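Participant: when you get a sec, could you give me coordinates for this:
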Amino acid sequence: MSLEIWQGDITSLKVDVIVNAANKELRGGGGVDGAIHRAAGPKLDPACRALGGCETGEAKITPGFDLPAKYVIHTVGPIYSGSHSDPLLLAACYRNSLRVAQENGLHSVAFSAISTGVYGYPLGAASKIAFTEVRKWLRDHKDYDLRVIMVAYDARTYALYQKLLG
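Facilitator: Have a look, this model is predicted:
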């Protein structure tokens, strides 16, 4: 069981599953979502369509197709509004993604920085929620062997993750 950070392109990681910051339709958008869809190849879109969308805070899984990762967990983060529900929904993204990983017997999970791109969630607040939820899940599931990698696409995010990792 471990929590690590890594800087780079999440689509290049050879892990059991990468977590995509998806939209409700699961139809490849911009940012990390678009990058994952492009890297996974043309089979990902029909697999996502077959799932019938995904609600904010929930998580669904597809094969990784052409990605080095075996699977993709798609989770829909909140569009930041400053409301009291934003942190609850963002925390649910991490919790539900980890639950889906465990239910599918996956032991290495890489997370993108959910909701911090076009959805506008402030990076500092979102990162604290992410690390808090992952640590809590790992504590509550000590019997499950899981390696969690928090992926920072840029140096600013990586520096923040280093601080939060301690």
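Participant: count the residues that sit near the nearest residue to residue 29 once chain neighbours are set aside.
Facilitator: Closest residue in space to residue 29, ignoring its immediate chain neighbours: residue 23 at 5.0 Å, by Cβ to Cβ, 6 or more residues apart in numbering. Bear in mind the C-beta positions are built from the backbone N, C-alpha and C, glycine included. Applying other Cβ atoms under 10 Å, we find 20 residues neighbouring residue 23.
Participant: so for this protein, the centremost residue is which one?
Facilitator: Closest to where the C-alpha atoms of the chain average out (Cα atoms, centre = their mean) is residue 19, at 3.2 Å.
Participant: mind checking how far that one is from residue 97?
Facilitator: 5 Å (Cβ to Cβ, to the nearest Å).
Participant: which neighbours do the two have in common?
Facilitator: 59, 73, 75, 109, 111 (Cβ atoms under 8 Å, 6 or more residues apart in numbering).
Participant: and the second one, which of the three is it?
Facilitator: If I follow you right, that is residue 73. Assigned state for residue 73: strand (three-state reduction, DSSP: H, G, I helix; E, B strand; the rest coil).
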